[in-house]
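Participant: build me a structure from this.
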Amino acid sequence: MKKRVTKAIFPVAGLGTRFLPATKSVPKEIMTLVDRPLIQYAIDEARAAGIKEFIFVTARGKSALEDYFDRAPELEAQLRKKDKTDLLEALKATNMDSGAIAYIRQQQALGLGHAVWCARRLVGNEPFAVILPDDVIAAEKPCLQQMVEAHAETGGCMVAAMEVSPDKASAYGILDVAEDMGAMVRASGMVEKPKADEAPSNLAVIGRYILTPRVMQTLNRKETGAGGEIQLTDAIAREIEEGRDVYGYRFRGQRFDCGSKAGFLQATVAFGLSRDDLRDEFSTYLDELTAVRRAAQ
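Facilitator: All right, here's what the predicted structure looks like:
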């Protein structure tokens, strides 16, 4: 019987240098997309997928991230006193049950694989998910939920995959496809950040993973790869080399790279326009802005 995926690792130790000076005092994961921080989108997606244990791999200067998921009794009391029930409901989503969330420090920035490895004792001998909060995915059914449902049928390791143009391949881990089954592919290999003319396919791995505990054993070797870092992609590729199944899952939805300024702005527009309370005013503004730019050309 396949074990259910109930644990998720959130690697959030990065410095967020691309967003300086904002991230000098505010963790990147707390930066707000419309009216929710990036980390809230990741948590909501994990909850929808049935995740019960949330493991954050953090670093020095991330205390605001920990505080965000704590109760705010004074604020709640003020909202209750003013009968602001809608805002009280919104706050509920930010509260985590005692014991559901754990924080592990990554003492050195040695790569994504190392960050995941830091959580090895909390994962134990169970399959686990990894969610990168920088990747925000707009989807009717949350991406990780899609993957968990597919994983219940396949087992093994599974990575979220999307098609990219050849000139973008060097920014991603790219799948070498052994068998294409439509929504899923079975991988025969993975290459981290290949040159455009060396990419084995156009399927890129993005920030959602379901992994077996054997991946932790591989990461325990602390072998370095691209950029001199311990790469998660390399550990997953080892699973393929040793004859175990690794699947790429073509998720249904739109992914935004909120680790980049352009991606963050694109996500802000998309999520703003998806909101009933913002759509009309925001779309009118964008139409007017477009008209002014065209008139100026």
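Participant: just give me the residue right at the centre of the protein.
Facilitator: With distances taken as C-alpha atoms, centre = their mean, L132 lies nearest the centre of the chain, 2.6 Å away.
Participant: wait, that one sits on P11?
Facilitator: Yes: checked against C-beta atoms under 8 Å, the pair L132 and P11 is within contact range at 6.5 Å. C-betas here are computed from N, CA, C, even on glycine.
Participant: common neighbours of those two, please.
Facilitator: Shared between the contact lists of L132 and P11 (criterion: C-beta atoms under 8 Å, 6 or more residues apart in numbering) are residues L112.
Participant: what helices or strands is the lowest-mean-pLDDT helix or strand in the chain leaning on?
Facilitator: When the helices and strands of the chain are scored by mean pLDDT, DSSP states H and E, helix 63-68 comes last with a mean of 80. Judged by 3 or more C-beta pairs under 8 Å, 6 or more residues apart in numbering; DSSP states H and E, helix 63-68 is in contact with strand 53-58.
Participant: and the strand it packs on, which strands flank it?
Facilitator: Paired neighbours of strand 53-58 in the sheet (DSSP bridges): strand 7-11 (parallel), strand 101-105 (parallel).
Participant: contacts for the first one?
Facilitator: Just to be clear, that refers to strand 7-11. Around strand 7-11, the neighbours that count as contacts under C-beta under 8 Å, 6+ apart are 39, 42, 46, 49, 51-57, 106, 112, 115-116, 119, 122-123, 126, 128-133, 144.
Participant: return the members of these classed as buried.
Facilitator: For the contacts of strand 7-11, a neighbour count by 16 or more other C-beta atoms under 10 Å gives the buried set as 39, 42, 46, 49, 51, 53-57, 106, 112, 115-116, 119, 123, 128-133, 144.
Participant: quick one, helices of the stretch 1-150 of the chain?
Facilitator: 38-48, 63-68, 73-81, 85-92, 112-117, 120-123, 143-154 (DSSP state H, counting those that start in this stretch).
Participant: please work out which of these is packed deepest.
Facilitator: Comparing those by mean neighbour count (mean count of other C-beta atoms under 10 Å), helix 112-117 comes out on top with a mean of 24.
Participant: which strands or helices does the longest helix along the chain pack on?
Facilitator: Identified as the longest helix of the chain according to DSSP state H is helix 279-296. Using 3+ C-beta pairs under 8 Å, 6+ apart, the elements in contact with helix 279-296 are helix 261-273.
Participant: any stretches of this protein with poor pLDDT?
Facilitator: Applying pLDDT under 70 to the chain flags residues 1-2, 226.
Participant: show me the contacts for E163.
Facilitator: For E163, the contacting residues are N202, L203, A204, R250, by C-beta under 8 Å, 6+ apart.
Participant: helices of the stretch 151-297 of the chain, start to end?
Facilitator: Taking DSSP H, counting those that start in this stretch as the criterion, the stretch 151-297 of the chain carries its helices at 214-219, 232-241, 261-273, 279-296.
Participant: between the ones you listed, which one is closest to A64.
Facilitator: For A64, the closest of the helices of the stretch 151-297 of the chain is helix 261-273, at 18.2 Å, according to C-beta to C-beta.
Participant: send the alpha carbons of the closest one over as PDB?
Facilitator: Written as PDB, here are the backbone C-alpha positions of helix 261-273 (Å, rounded to 0.1, in the frame of the first residue of the first chain):
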ATOM      1  CA  LYS A 261      10.700  41.200 -10.400                       C
ATOM      2  CA  ALA A 262       9.000  40.800 -13.800                       C
ATOM      3  CA  GLY A 263       7.400  37.500 -12.700                       C
ATOM      4  CA  PHE A 264       6.200  39.100  -9.500                       C
ATOM      5  CA  LEU A 265       4.600  42.000 -11.400                       C
ATOM      6  CA  GLN A 266       3.000  39.600 -13.900                       C
ATOM      7  CA  ALA A 267       1.500  37.600 -11.000                       C
ATOM      8  CA  THR A 268       0.200  40.800  -9.400                       C
ATOM      9  CA  VAL A 269      -1.700  41.700 -12.600                       C
ATOM     10  CA  ALA A 270      -3.100  38.200 -13.100                       C
ATOM     11  CA  PHE A 271      -4.200  37.600  -9.500                       C
ATOM     12  CA  GLY A 272      -5.600  41.200  -9.300                       C
ATOM     13  CA  LEU A 273      -7.700  40.600 -12.400                       C
END
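Participant: what's the angle from it to helix 38-48?
Facilitator: Going by axes from the mean of the first three to the mean of the last three C-alpha atoms, to 10 degrees, helix 261-273 is angled at 60 degrees with respect to helix 38-48.
Participant: what about the residue nearest to L144 when sequence neighbours are not counted, distance to G243?
Facilitator: Counting by C-beta to C-beta, 6 or more residues apart in numbering, the nearest residue to L144 once its immediate chain neighbours are dropped is A49, at 4.0 Å. Here the distance between A49 and G243 works out to 28 Å (C-beta to C-beta, to the nearest Å).
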